[in-house]
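**Student:** just coords:
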């Protein structure tokens with residue numbers, strides 16, 4: 001399996017699962033690529049210490065530096081909270097070690113699952129290329145899961161299964177078990193090709209949205225300027241603004257509701273967004289609180 005990554009020093013996110021342990025094995029053998037192994041214990045699963053021990057042993061065997069972070073999220077933590085906390089840790093390690101960037105083991109199936117997940121959530125066009133828009137390096141995006149498993153078994157890579165991957169309360173697990181297994185290899189390639197096309201179109205749209213964003217502050221939208229925008233353009237701007245403020249797992253209904261609130265809500269009123277965050281209206285602005 002060939003992994004293309006520019007020469008340099010990187011922080012590699014290693015959970016202990018088959019994807020990241022396989023990528024660790026591949027990168028440890030790649031000349032010119034220096035890896036700092038980064039493992040984050042979310043504090044969600046009782047057996048998480050065993051994942052940490054596995055990653056620590058692997059880092060030692062490959063003679064690579066190891067950074068471990070700890071969270072106290074608890075069993076009720078959302079996927080968004082877990083992701084934000086994990087990436088916060090990875091970014092801190094990258095800054096500390098002066099690395100070129102962060103590498104994760106997201107693969108072809110992850111890309112497709114994320115697209116389906118965001119379609120079901122109604123997050124709009126941005127949800128179809130959310131993984132590709134990140135500045136994180138993901139060298140396995142063209143590799144299907146079955147190839148990763150085959151490599152791991154052939155090369156005797158050790159890994160641990162995350163028990164939460166079987167929990168039906170997570171929508172991603174439903175997609176993984178009931179939707180993507182029915183896709184042929186050819187269909188997956190066609191989906192990836194279409195997602196690539198969407199990503200290119202999204203880049204053009206995002207550049208326009210970025211221009212509009214200059215009319216607004218980081219945590220404050222100009223209500224008058226927003227009201228002058230066509231409804232769909234305003235909703236796209238709102239999605240971009242929320243993502244910039246680390247709010248991601250919203251659905252289409254939330255966006256439409258908030259867009260109407262910004263246009264018609266009474267000054268002094270407060271409106272729920274998600275995760276305890278609210279939108280506070282003044283006569284001139286919509287402030288994130």
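**Tutor:** That came through, no problem. All values reported here derive from a predicted model rather than from experimental measurement. Numbering: from 1, shown residues only.
**Student:** Mind giving me the packing neighbours of the helix or strand residue 37 falls within?
**Tutor:** Using DSSP states H and E, residue 37 sits within strand 33-41. Applying 3 or more C-beta pairs under 8 Å, 6 or more residues apart in numbering; DSSP states H and E, one finds that strand 33-41 makes contact with strand 8-13, helix 18-28, helix 48-61, strand 66-70, helix 79-97. Every C-beta, even on glycine, is put in place using the N, C-alpha and C of the backbone.
**Student:** Can you show me the helices along the stretch 51-200 of the chain?
**Tutor:** Ranges of helices in the stretch 51-200 of the chain, per DSSP state H, counting those that start in this stretch, are 79-97, 108-121, 145-154, 171-178, 185-213.
**Student:** Any idea which of the ones you listed gets closest to residue 285?
**Tutor:** When these are compared by C-beta to C-beta, helix 185-213 sits nearest residue 285, at 14.5 Å.
**Student:** can you give me how far that closest one is from the chain middle?
**Tutor:** 16 Å (C-alpha atoms, centre = their mean, to the nearest Å).
**Student:** Flag the shaky bits of this protein, pLDDT-wise.
**Tutor:** 73-78, 123-124, 126-134, 164, 167-169, 214-215 (pLDDT under 70).
**Student:** re earlier: turn the helices and strands packed on strand 33-41 into a markdown table, including distance to residue 111 and mean neighbour count.
**Tutor:** Compiled in a markdown table, these are given as follows (distance: least, C-beta to C-beta, whole Å; neighbours: other C-beta atoms under 10 Å):
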| stretch | distance to residue 111 | mean neighbour count |
| --- | --- | --- |
| strand 8-13 | 16 | 21 |
| helix 18-28 | 12 | 23 |
| helix 48-61 | 24 | 17 |
| strand 66-70 | 25 | 16 |
| helix 79-97 | 16 | 17 |
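**Student:** With respect to residue 182, which of those lies nearest?
**Tutor:** Among the helices and strands packed on strand 33-41, helix 18-28 comes nearest to residue 182, with 21.3 Å by C-beta to C-beta.
**Student:** quick one, the closest one and strand 8-13 angle?
**Tutor:** For the pair helix 18-28 and strand 8-13, the angle between their directions (axes from the mean of the first three to the mean of the last three C-alpha atoms, to 10 degrees) equals 160 degrees.
**Student:** For helix 18-28, name the packing helices and strands.
**Tutor:** With contacts taken as 3+ C-beta pairs under 8 Å, 6+ apart, helix 18-28 sits against strand 8-13, strand 33-41, helix 48-61, helix 145-154.
**Student:** Touching it from outside, list them.
**Tutor:** If you take C-beta atoms under 8 Å, 6 or more residues apart in numbering as the criterion, helix 18-28 is touched by 1, 3, 5, 10, 12-14, 33, 35, 37, 54-55, 58, 62, 64, 103-107, 110, 139-140, 145, 148-149, 151-152, 155, 157-159, 161.
**Student:** same deal with stretch 93-100?
**Tutor:** With C-beta under 8 Å, 6+ apart, stretch 93-100 has contacts from 6, 8, 9, 10, 11, 36, 38, 65, 67, 69, 101, 102.
**Student:** ok, 10 Å please
**Tutor:** Residues outside stretch 93-100 that contact it (C-beta atoms under 10 Å, 6 or more residues apart in numbering): 5-13, 33-38, 40, 65, 67-69, 90, 101-102, 136-137.
**Student:** How about stretch 210-224?
**Tutor:** So stretch 210-224 is contacted by 206, 225-226, 228-229, 233-234, 236-238, 240-241, 244-245, 258, 261-265, 267, 279-289 (C-beta under 10 Å, 6+ apart).
**Student:** Wait, residue 225 touches residue 263, no?
**Tutor:** No: distance between residue 225 and residue 263: 11.5 Å, which falls outside the contact criterion (C-beta atoms under 10 Å).
**Student:** shared neighbours of those two, anything?
**Tutor:** Counting by C-beta under 10 Å, 6+ apart, the shared contacts of residue 225 and residue 263 are residue 234.
**Student:** how near is residue 219 to residue 1?
**Tutor:** Per C-beta to C-beta, to the nearest Å, residue 219 is found 44 Å from residue 1.
**Student:** just to revisit the earlier point, which stretch among the helices and strands packed on helix 18-28 comes nearest residue 199?
**Tutor:** Nearest of these to residue 199, taken as C-beta to C-beta: helix 145-154 at 20.9 Å.
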